[in-house]
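Chemist: Okay, sequence plus prediction incoming.
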Amino acid sequence: MNILVVSQYFWPENFRINDLVQEWLKRGHAVTVLTGKPNYPDGKTFDTYRADPSAFAHFEGAAVHRVPMLARGTGALRLMLNYASFVAGACATGPWKLRRVRPDVIFVFEPSPVTVGLPAVLLGRLKRCPVVFWALDLWPETLAAVGVVRNPRLLAGVARLVRFIYDRCTLVLGQSRAFLPSIAQHCSDPSKVRYFPSWAEAVFSAAPDQPAPEVAADAAAFSVLFAGNVGDAQDFPAILDAAERLKHRRDIRWLIVGDGRRSAWLQEQVRERGLGERVLLLGRFPVERMPSFYEHADALLVSLRKDPTFSMTIPGKVQSYLAAGKPLLGMLDGEGADVIRRAGAGLACPAGDAGALADAVQRLAALPPDERRAMGDRGRAFALREFDRGTLMDRMNDLLEEARALYHPKGQA
């Protein structure tokens, strides 16, 4: 099969689409990627890319075409311009860059924004092939949840845009079952909606050669590790409130591996609250390094702000955490919390409840090591049942074949 991937984010940025492309190539598919210039999450184009763009023109055998776009920068306005510039760049230059590509299917990777679907829809028309859209974020709901857009008329306009995109896709995939009703209400034909969750990359199931040297070993400390994006959705104010409540516990430390739009704020708050010895900000590392940091963790933390939209989300790190075989601490509602509880893999408390998170940390720290290991084992077993990579890759292949079978050019809206 010849697969064209349209994604605003791609290698050397760290997203699951990289792993998916690798798997397609291993299975003998031909893959072409249309993407932007790497600038996530720092907001500026990667220095390595600027130094030699040609070094990033191929990925594991896939041709990578990059379109002109404005880097994310800082601030909401710059972010909106980043989104718009990718659409403009992809629509203006994509058809020419891909003039010799004859895809059987176009696959859209959408962690956000939904506008990535616009150039995909255009290319679907030009190439006369089906478009499969994988929604890992809900628009316009997420815009309202993080406060980026509050105007009801503007939100209604975004909803119309979402319907325009979904109606021109052959299949729309939702990353959690709770996503499906929301996606369906934006589709004229709800029968095109399918459930397809994330998986844990294989790297998280492998034991590292040694623990990360960037973290001082401390056998007496109970280490809570957060890995991933440091943004508004992750509710770091509540995490810091919990850390402050436990400031007197010299045996509890918080390890933050990652960065994002709230990194500067986080650094300032850690300093102002006098948490420098308890909250260690370690910065961003390649995904391949994550297991070595997990080795230092007694519990892995996942959090989302309190909002109905976020309660429908299973953060991608949940699958990775489960596969790592470590206990989970969840400060979130809905689907994500339900996964932790059903797996018996740790403790979950309500989103935004710093006091409950602090209590959960202390409860987990008080458990015998054998009980925590049992939680981790149950989590790994649950991940194999529910989010097995091989099974999901087979399922994805079936979905692409289904899209090809369902596609009728004259029937597209």
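Modeler: Received it, and whenever you're ready, just let me know what you need.

Chemist: dump the residue contacts of Ala120.
Modeler: Neighbour list for Ala120: 6, 106, 108, 131, 133, 169 [criterion: CB atoms under 8 Å, 6 or more residues apart in numbering]. To be clear about C-beta, it is placed using only N, CA and C from the backbone, and glycine gets the same treatment.

Chemist: Let's have these in CSV, adding secondary structure, pLDDT and neighbour count.
Modeler: Below are the contacts of Ala120 laid out as CSV (DSSP: H, G, I helix; E, B strand; the rest coil; pLDDT from 0 to 100; neighbours: other CB atoms under 10 Å):
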residue, secondary structure, pLDDT, neighbour count
Val6, strand, 98, 30
Ile106, strand, 98, 29
Val108, strand, 98, 28
Val131, strand, 98, 29
Phe133, strand, 98, 27
Cys169, coil, 97, 24
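
Chemist: Would you mind listing where the chain has pLDDT under the threshold?
Modeler: Applying pLDDT under 70 to the chain flags residues 144-149, 410-413.

Chemist: Please point out which parts of the helix ranked longest in the chain sit buried.
Modeler: Longest helix of the chain, by residue count under DSSP state H: helix 76-97. Within helix 76-97, the residues that count as buried by 16 or more other CB atoms under 10 Å are 79, 81-83, 85-91, 93-95.

Chemist: Name the nearest residue to the residue nearest the centre of the chain, ignoring sequence neighbours.
Modeler: For the chain, Gly316 is the residue whose C-alpha lies nearest the centre (CA atoms, centre = their mean; 5.0 Å). Of all residues not flanking Gly316 in the chain, Ser198 sits nearest, at 4.7 Å (CB to CB, 6 or more residues apart in numbering).

Chemist: The one you found - that's part of a helix, no?
Modeler: No - read with DSSP: H, G, I helix; E, B strand; the rest coil, Ser198 is coil and lies in no helix.

Chemist: For it, grab phi and psi.
Modeler: phi -80, psi 170 (degrees, to the nearest 10).

Chemist: Same question for Asp307.
Modeler: The phi/psi pair for Asp307 (degrees, to the nearest 10) reads phi -170, psi 140.

Chemist: Tell me the spacing between it and Thr313.
Modeler: The gap separating Asp307 from Thr313 is 9 Å, by CB to CB, to the nearest Å.

Chemist: how near is the residue nearest to the centre of the chain to Arg16?
Modeler: Separation of Gly316 from Arg16 (CB to CB) stands at 6 Å.

Chemist: Let me see the contact set for Ala82.
Modeler: If you look again at residue 82, you'll see it is Asn, not Ala. 39, 69-73.

Chemist: and the nearest residue to Glu277 once chain neighbours are set aside, what helix or strand is that in?
Modeler: Nearest residue to Glu277, sequence neighbours excluded (CB to CB, 6+ apart): Arg253, at 8.0 Å. If you go by DSSP states H and E, Arg253 is part of strand 252-257.

Chemist: For the helix or strand following that strand, buried residues please.
Modeler: For strand 252-257, the following helix or strand on the C-terminal side (DSSP H and E) is helix 263-272. Buried residues in helix 263-272, counted by 16+ other CB under 10 Å: 263, 266-267, 269-270.

Chemist: tally of neighbours for Arg289?
Modeler: For Arg289, the neighbour count with other CB atoms under 10 Å is 15.

Chemist: Shouldn't it be within a strand?
Modeler: No - looking at Arg289 with three-state DSSP, it is helix, so not inside a strand.

Chemist: And it, how far from Glu295?
Modeler: 11 Å.

Chemist: what is in contact with the two at once?
Modeler: Residues touching both Arg289 and Glu295 (CB under 8 Å, 6+ apart) are Ala212.

Chemist: The strand holding Arg253 to helix 263-272, inter-axis angle?
Modeler: When axes from the mean of the first three to the mean of the last three CA atoms, to 10 degrees is applied, the directions of strand 252-257 and helix 263-272 differ by 160 degrees.

Chemist: what residues are up against Tyr166?
Modeler: Applying CB under 8 Å, 6+ apart, one finds that Tyr166 lies in contact with 117, 133, 172, 183, 186-187, 192.

Chemist: Report the buried residues of the stretch of helix or strand it belongs to.
Modeler: Using DSSP H and E, Tyr166 falls within helix 152-167. Buried residues in helix 152-167, defined by neighbour count with 16+ other CB under 10 Å: 158-159, 161-162, 165-167.

Chemist: now swap in stretch 398-406 and tell me
Modeler: For stretch 398-406, burial by neighbour count (16+ other CB under 10 Å) applies to 399-400, 402-403.
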